[in-house]
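Student: Generate a structure from the sequence data that follows.
(2 chains, ligands or ions: 2)
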Amino acid sequence: MAVLAQNTEPMLAGFSPAPVSGWANDARVAALANLNKTGAPMRRDEYWKFTNPSTLLSENPEAAILGSDESPVFDSFDKLLIVFKDGIYQPDLSDDLTGKNLEIQTLGDAMATDIHWAKEIFGVLESRGQLPVARPFAALNTAVAEQGFVLRATGKVTKPVAFRYIRSAENAKAMIHHVIKLDAGAELTVFESGAGAARINTCMEIDVACNASFHHIRAQGRDHERQAITHMFGVLGKESIFRSFTLTVNGLMTRNEAVLEFTGDDAKATVAGACVGDGTFHHDDTIFVTHDAVNCESRQVFKKVLRNGAIGVFQGKILVKADAQKTDGYQISQALLIDDDAVFLAKPELEIYADDVICSHGSTCGATDENAMFYLMSRGIAKKQAQDLLVLAFLDEAIQEVDNAALADEIRGRLAGWTERHR
Amino acid sequence: MLNIKNLKASLEEEDKQILKGVDLTINAGEVHAIMGPNGSGKSTTSYVVAGKGGYVVDEGSVTLDGQDLLNMEPDERAAAGLFLAFQYPVEIPGVGNMTFLRTAVNSQRKARGEEELNAAAFLKLVREKAKALKIDAEMLKRPVNVGFSGGEKKRNEILQMAMLEPKMCILDETDSGLDVDAMKLVAEGVNALRDGKRSFLVITHYQRLLDHIKPDFVHIMSDGKIVKSGGPELALEVENNGYADLLNEVA
Ligand SMILES: Nc1ncnc2c1ncn2[C@@H]1O[C@H](COP(=O)(O)OP(=O)(O)O)[C@@H](O)[C@H]1O
Ligand SMILES: [Mg+2]
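Tutor: Residues are numbered from 1 along each chain as shown, chains lettered A, B, ... in the order given. Ligands and ions are numbered 1, 2, ... in the order given. Below is the predicted model of the structure:
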């Protein structure tokens, strides 16, 4: 059957979809076929109506002015540091690839082997996440990514694996794919930080086996013109834990998709995020959580502070299949609009086929509470500082989802810095 | 200390005058009480003096030690020495009570050109003042007023007042919703701050608070004006006969 390519050329430009030989070949070919079948996303697509994909689709991203003077995020934590510059792994800037209870390899090295455990995950979780909603940028990533890491936690990994995405060129495109497997009972924390490129496309596939615990903390980089399209595909086994938190400060365009599936009973997942934007800022969280097991708990907690024309989008879905009794699903998305020009667009969705389920969702957007402002000011706190206190208080509900006090405090500090700079 | 002259104020949203010429002079060290029926404009007076939005001053002036309060932001009024204990203290989720208190104390110090309190000195001070008001450490850690009972909120107001050491304290129905013990605690907190220089304006419905905080002067407010002023005996008259007789008398 002839493959019908629908204007996917600009997406593919600059990347080589030439299949590698070896175990990853089938997945890459299938992903490319899938991309060509669905075509590039369009504004009229159901899941792109709030976010115009055209920014992300141009062959080359607009140049993004390099960097902020910001000190690297999560730098003070003990970690296994892995640096990418303009999307390319930098062994000389990175730590040695060893860690207790950790198998770690570049994606390139892994793909060069004849057989690999990653075959069960690479492109597999991603293609599973293409239904019922197509995710063309993720298919693109699987089809062409040559950069990334393959991680396997065989027990408790003591040091977090920290991917740091730095930049040196104003208009680089980056395509990074990580494959992560946690064996039964294993524990792993992954940090991601930095803008990485003028446009970065990351895809992370995470297989969390029974009783394993995966933590992910991300800070997306402060460069104003940067673009990011990211995907996380997680599958959760029995009694496992999955926690992800994303901090987004600035950025021209950010679309973060998370697709989680409960396949084992009694597991827990949290996807949370705090974002702050001022001016030309478009931030989109698109989440899809599927409950296909009994007694699992999922939380989606997203907070956005928007001003001066900034746009926030939240599309969050909880799908509870017929056999997923005792599901506890929670979803909240809230925006604080600092002025009348900011916009928040939300589409919370619940689709429930089981009958013994608790699911709640709420989406609100509003201005700063005048009574709270007056109360603070009447105690001598200046208007700007009172505003900052209320902004940080608003964001804190999302930050509380971070299960580590020191990490949460670093995030609070970064946000406090932003509020001070944007008054 | 506080001089309110012919204060007339309306709602910003609708063309409705609430304060219709309030006159009140409070000298240093004095305790004044304002009583009056619901809706007579007592809270509005306190809000306009403290600088709450939503009101337009049509006429008149308010000065604190000669400084024109009406031209100041609410935080500047606080730094100038004004404090309002709210009738309905505001809940602020996400802002810790301690952070709030410390930011407030240090903001005022900074505004007055004084040195900020360091963390240790602040903690010591707050613990000492909280103890007297039976406010425990757990309450200090919680977000401002969130999940506090009515009485806890009012004690928290007095704690803020004790920490900020204002010159001029306005207490808006601090007694409402308190049982006898809580009211005594609050009254003790207020009396502990009486030093002969600090002034108080106590807004209340009932005589019973005035048994504990003895006023020098009592004023009756009705329909946006002070219609009668006198000594403590005026409060007893209200207690015994209600407002109706009093208001008929002045009408
Ligand atoms: N923000 C407001 N919006 C509408 N009406 C108000 C507002 N503030 C005060 N009022 C009205 O002004 C009058 C005085 O209210 P208030 O000062 O609260 O009285 P008091 O404290 O003496 O009971 C009442 O009739 C009240 O309804
Ligand atoms: Mg009142």
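Student: Helix, strand, or coil at the residue in the stretch 251-400 of chain A that ligand 2 sits nearest to?
Tutor: Of all residues in the stretch 251-400 of chain A, residue A:371 sits closest to ligand 2, at 14.7 Å by CB to the ion. Any C-beta I mention is one placed from the backbone N, CA and C, and that applies to glycine too. Following DSSP: H, G, I helix; E, B strand; the rest coil, we place residue A:371 in the helix state.
Student: can you check residue A:73 too?
Tutor: coil.
Student: for it, what are its contacts?
Tutor: A:191, A:193-194, A:219, A:247, A:410, A:414 (CB atoms under 8 Å, 6 or more residues apart in numbering or on different chains).
Student: Next, residue B:162: phi, psi?
Tutor: phi -60, psi -40 (degrees, to the nearest 10).
Student: what do you get for residue A:313?
Tutor: phi -130, psi 140.
Student: coming back round to it: tell me which two of the contacts of residue A:73 sit farthest apart.
Tutor: A:194 and A:410 (14.5 Å; CB to CB).
Student: what about those two, which has more around it?
Tutor: Between residue A:194 and residue A:410, counted using other CB atoms under 10 Å in any protein chain shown, the more crowded position is residue A:194 (25 against 20).
Student: my guess is that one contacts residue A:226, does it?
Tutor: No - the pair residue A:194 / residue A:226 is not scored as a contact, 9.4 Å apart, by CB atoms under 8 Å.
Student: My guess is the residue of the stretch 251-400 of chain A closest to ligand 2 contacts residue B:91. True?
Tutor: No - look at residue A:371 against residue B:91 with CB under 8 Å: they stay out of range, at 9.3 Å.
Student: residue contacts, residue A:63?
Tutor: Counting by CB under 8 Å, 6+ apart, residue A:63 has contacts A:170-171, A:198, A:225.
Student: Could you pull up the residues touching the residue of the stretch 101-250 of chain A found nearest ligand 1?
Tutor: Closest residue of the stretch 101-250 of chain A to ligand 1, CB to the nearest ligand atom: residue A:249 (37.2 Å). By CB under 8 Å, 6+ apart, the contact set of residue A:249 is A:219-222, A:275-276, A:414-415, A:418.
Student: what's the farthest-apart pair in those?
Tutor: A:221 and A:415 (14.5 Å).
Student: ok, these two, which is more surrounded?
Tutor: A count of neighbours by other CB under 10 Å puts residue A:221 above the other of residue A:221 and residue A:415, at 29 against 22.
Student: how about the residue lying closest to that one once chain neighbours are set aside, secondary structure?
Tutor: The spatially closest residue to residue A:221, leaving aside those adjacent along the chain, is residue A:195, at 3.0 Å (CB to CB, 6 or more residues apart in numbering or on different chains). Secondary structure for residue A:195, judged by three-state DSSP, is coil.
Student: For residue A:195, the count of nearby residues, please.
Tutor: Residues near residue A:195, counting by other CB under 10 Å: 27.
Student: How about the lengthiest helix in chain B, which residues are buried there?
Tutor: Counting by DSSP state H, the longest helix found in chain B is helix B:233-250. Going by neighbour count (16 or more other CB atoms under 10 Å in any protein chain shown), the buried part of helix B:233-250 is B:234-235, B:237-238, B:243, B:246-247.
Student: What mean pLDDT does whatever helix or strand residue B:139 lives in get?
Tutor: Taking DSSP states H and E as the definition, residue B:139 sits inside helix B:137-141. Helix B:137-141 shows an average pLDDT of 87 in the prediction.
Student: any residues touching it, and which ones?
Tutor: For helix B:137-141, using CB under 8 Å, 6+ apart, the contacting residues are B:96-98, B:101, B:126-127, B:130, B:148, B:152, B:156.
Student: nearest to residue B:226, of those residues?
Tutor: For the contacts of helix B:137-141, the nearest to residue B:226 is residue B:156 (29.6 Å; CB to CB).
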